[in-house]
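**Student:** Here is a sequence with its predicted model. Questions after.
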Amino acid sequence: MKIISHSPQDTRKLGRKVSRALKKGNILCLFGEFGSGKTVLAKGIASGLKIKETQVISPSFVLMRDYKIKLADEKKRTYFYHFDFYRLENIKEILDIGYEEFIYSDAISVIEWADRLGKYLPRDYLAVKLSVKGSTKRLIELKAHGENSRNLLSRIK
């Protein structure tokens, strides 16, 4: 699935649309160069999950931030994990924080700079590649890797 965003507002709007399709355990891996809109998209997703956008800042210095959320069709609360591996120097850093325990839980995870995970990319995830096509224009490509992510992509469409 390919989408053109003409502004940060469009990218946030897409994030809110994605948030309405999310189910427990969904993982989104964001790929793209610096300034391509990964954090803007994460803010849109968070906003759709009733998290104030101002609370969502790039967790570059702590690798992960967590937010308690309640999905519309669920009775129990879960978590929204926002990872940012831009400053990751060694893969051991994420293993030390228990990365796999977080992403393979019933939480929703968004991982910026997912390319830094290498062989530790999740087994099932929605890849979101953001490409700069102009000062505010972005190409956003969504590709499912695994059954849960195929179902998520169908719900987004």
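**Tutor:** Right, received. Where do you want to start?
**Student:** could you pull out the strands for this protein?
**Tutor:** Assigned strands in the chain, in chain order: 2-5, 27-32, 64-69, 78-84, 108-112, 125-132, 138-145 (criterion: DSSP state E).
**Student:** Determine which of the ones you listed approaches Ala21 most closely.
**Tutor:** Taking CB to CB, strand 125-132 is the member of the strands of the chain nearest to Ala21, at 9.7 Å. C-beta: built from backbone N, CA, C; applies to glycine.
**Student:** Report the buried residues of stretch 18-35.
**Tutor:** Neighbour-count burial for stretch 18-35, counted by 16 or more other CB atoms under 10 Å, picks out Val18, Ser19, Ala21, Leu22, Gly25, Asn26, Ile27, Leu28, Cys29, Leu30, Phe31, Gly32.
**Student:** For beta bridges, what are the partners of the residue most central in space within the chain?
**Tutor:** In the chain, the centroid-proximal residue (CA atoms, centre = their mean) is Val110; its distance is 2.6 Å. Using DSSP bridges, the beta-bridge partners of Val110 come out as Leu28, His82.
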